[in-house]
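Enquirer: here is a sequence together with a model predicted from it:
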Amino acid sequence: MTKRDNHYVPDSYLKRWAGGDGKVWAYRILVSHANERLWKSYSSKSIGYQKHLYTRMVAGGESDAIENWFESEFETPVSSVFQRVVADEVLSAEDWRLLIRFLAAQDVRTPANLIERLRQWGEVLPKLMDESLARSVRKLKKAKRTGIPLSMASPIEDLDQFPARTLIRPSENEKEAVVQVEATIGRSLWLWSVKHLLTSTLNALHKHNWTILRSPPGIEWLTSDNPVVRLNYQTADVFDFKGGWDRLGTVIFMPLSPTHLLYTQVGSEPLKERTASLFLAAQIQRFTIEHAHRYVFGRSADRQVALWRPRTVNRDAVHAEAEQWRNWHPEQSEAELEMLRSRAG
């Protein structure tokens, strides 16, 4: 049976913030009413998920292969490593590799990442496709004119799952044809890009010097529904979250538990301290909160969160977002089925 509740914040991760009652506290950033409680407690399985976020339509119907892939390749292998981290045990090279892979997956599998990617693709993909098609046509014409065959490009993994099709139509000139490339910007493209990043690009993360940073006494790390922070920092007032996995100076971190956090700065030596100073801890908490998409999570209700990130009260925005998610699976499924039909035809 297809898994419909796709946890973009895995239960195995979030339950580390569960209290004695097994519940995780959540601060919601966008709410309908001002009288809603600032913090509510949830079981780790009942939050941090979205229906059919990773479902994909294939020839045989709905597929949850990506959801299963996340679990088998990134979540399950790291479960014992988390236990060693919390116990402050020495980690092996393989332990570090699994932690870094888990961080990479958490960076790219969230609704926040989806929304940002769709926005970027909507702005740049049409132009990129036109330019790529024009280059290909020029190469084909040159090959025909010179008689020199084209060199074979390196194969792209899962290219058959890339949501694009090439249409060739006759033109008024019998010796020529009209070539058109169409791509669907949506779930399929996002899932294809996620898998490509997690099978190729994430190798850049293994080059960096990573540290497990403990929280100072009296402070517990918070986490969020967008838990991997890639920070470009200049001053307390000049920074952004657009750092790259291999961009010099980018600070990358992700809380692993209320007491442990995975940290690196690209191009720098590992931190000498193993426990964060009060100043650094306050900065990390601030950026974790500001980087959250819709939820901040903690083992307790932290009053400081509302100071760093006052929630937005907007009934219309809440309803509009809920409606978008209700339409998400039907709309994306129809687009994916149309692509399948066009390829079959």
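Expert: Received, thanks. Residues are numbered from 1 along each chain as shown.
Enquirer: verify the stated contact: Ser257 with Val81.
Expert: No. Judged on Cβ atoms under 8 Å, Ser257 makes no contact with Val81 at a distance of 11.7 Å. For every residue, glycine as well, the C-beta is placed using N, CA and C.
Enquirer: got the domain ranges for the protein?
Expert: Using automatic domain parsing, the domain parsing of the chain gives 25-118+187-344, 121-183.
Enquirer: so which of the ones you listed is the most surrounded?
Expert: domain 25-118+187-344 (a mean of 17; mean count of other Cβ atoms under 10 Å).
Enquirer: chain center to that one, what's the gap?
Expert: 6 Å (Cα atoms, centre = their mean, to the nearest Å).
Enquirer: show the average pLDDT along it.
Expert: Per-residue pLDDT values over domain 25-118+187-344 give a mean of 96.
Enquirer: returning to what we had before: turn the domains of the chain into TSV, columns for distance to Ser12.
Expert: Formatted as TSV, these follow (distance: least, Cβ to Cβ, whole Å):
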stretch	distance to Ser12
domain 25-118+187-344	6
domain 121-183	26
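Enquirer: closest one to His7 among these?
Expert: Judged by Cβ to Cβ, the one of those that comes nearest to His7 is domain 25-118+187-344, at 4.3 Å.
Enquirer: so where do the helices sit in the stretch 201-345 of the chain?
Expert: Applying DSSP state H, counting those that start in this stretch to the stretch 201-345 of the chain gives helices spanning 278-291, 304-308, 315-344.
Enquirer: what's the closest of those to Arg97?
Expert: From the helices of the stretch 201-345 of the chain, taking Cβ to Cβ, the stretch that ends up closest is helix 278-291, at 23.6 Å.
Enquirer: can you tell me the centre-most residue of this protein?
Expert: Val108 (1.7 Å; Cα atoms, centre = their mean).
Enquirer: show me what contacts the nearest residue to that one once chain neighbours are set aside?
Expert: Leaving aside its chain neighbours, Val108 sits nearest to Val194 (5.0 Å; criterion: Cβ to Cβ, 6 or more residues apart in numbering). Counting by Cβ atoms under 8 Å, 6 or more residues apart in numbering, Val194 touches Ile66, Val108, Arg109, Asn113.
Enquirer: in CSV, list those along with secondary structure.
Expert: Putting the contacts of Val194 into CSV (DSSP: H, G, I helix; E, B strand; the rest coil) gives the following:
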residue, secondary structure
Ile66, helix
Val108, helix
Arg109, coil
Asn113, helix
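Enquirer: need the residues you listed in a markdown table with distance to Ser46, can you?
Expert: A markdown table is the format used below for the contacts of Val194 (distance: Cβ to Cβ, whole Å):
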| residue | distance to Ser46 |
| --- | --- |
| Ile66 | 22 |
| Val108 | 24 |
| Arg109 | 19 |
| Asn113 | 22 |
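Enquirer: just these now: which is nearest Gln332?
Expert: Ile66 (12.9 Å).
Enquirer: find the nearest non-adjacent residue to that closest one, please.
Expert: Tyr54 (4.3 Å).
Enquirer: and that neighbour, that's in a strand?
Expert: No. In this structure, Tyr54 is coil, not part of a strand, as judged by three-state DSSP.
Enquirer: surely it meets Glu67?
Expert: Yes. If you go by Cβ under 8 Å, Tyr54 and Glu67 touch, sitting 4.6 Å apart.
Enquirer: which residues are in contact with both of these two?
Expert: Common neighbours of Tyr54 and Glu67, counting by Cβ under 8 Å, 6+ apart, are Asn6.
Enquirer: and of the domains of the chain, who's closest to Val9?
Expert: Nearest to Val9 among the domains of the chain is domain 25-118+187-344 (3.2 Å), distances taken as Cβ to Cβ.
Enquirer: can you tell me the element Phe82 falls in?
Expert: helix 79-86 (DSSP states H and E).
Enquirer: contacts only, for Ser257.
Expert: Here Ser257 is in contact with Arg16, Trp17, Phe82, Val85, Val86, Trp221 (criterion: Cβ under 8 Å, 6+ apart).
Enquirer: repeat the analysis, applying 6 Å as the threshold.
Expert: Arg16, Val86 (Cβ atoms under 6 Å, 6 or more residues apart in numbering).
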